[in-house]
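Engineer: Need coordinates for the following:
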Amino acid sequence: QVQLAESGGGLVQAGGSLILSCEVSGRTFKNVHMAWFRQAPGKEREFVASISATGDSTLVAASVKGRFAISRDNALNTAFLQMRTLKPEDTAVYLCAADMVYSDSRAPLYGYWGQGTQVTVSS
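Structural biologist: Sure thing, here's the model as predicted:
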């Protein structure tokens, strides 16, 4: 069983930065593909970024490209989402997802999900 725990969310002013973390337990992290999604109130879950188990492949949604970056540290069993130049429209619950198969932006294919961390960007 894979368990994911997100942290790092909070309240930030527009233009600010945050780094989200997702710590994974229960599986050898270097074999786990990771992704970040977000869900704002009343909206569907939206893909943000994904990274393969080796870190060689990454994908970032067009809506955040150039502002967000995904990375991982296999020694820490943790994936990161670096967010900068935040905008009010980035306000959402950010969830990390994991699977043993690289599923890039396809949420239904990720078998493991964290509880989410709230990011609120004030104008």
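Engineer: Surely E89 is within a strand?
Structural biologist: No. Secondary structure assignment (DSSP: H, G, I helix; E, B strand; the rest coil) places E89 in helix, not in a strand.
Engineer: so how far is R45 from it?
Structural biologist: As judged by Cβ to Cβ, to the nearest Å, E89 and R45 stand 15 Å apart. (Each C-beta comes from the backbone N, C-alpha and C, glycine too.)
Engineer: more neighbours, the two?
Structural biologist: R45 (16 against 11; other Cβ atoms under 10 Å).
Engineer: I figured the more buried one was touching A35, is that so?
Structural biologist: No. R45 lies out of contact with A35 (Cβ atoms under 8 Å); the separation is 11.1 Å.
Engineer: Can you give me every residue that contacts the closest residue to T78 other than its chain neighbours?
Structural biologist: The spatially closest residue to T78, leaving aside those adjacent along the chain, is E23, at 4.9 Å (Cβ to Cβ, 6 or more residues apart in numbering). Residues counted as contacts of E23 (Cβ atoms under 8 Å, 6 or more residues apart in numbering) are 4-5, 7, 76-78.
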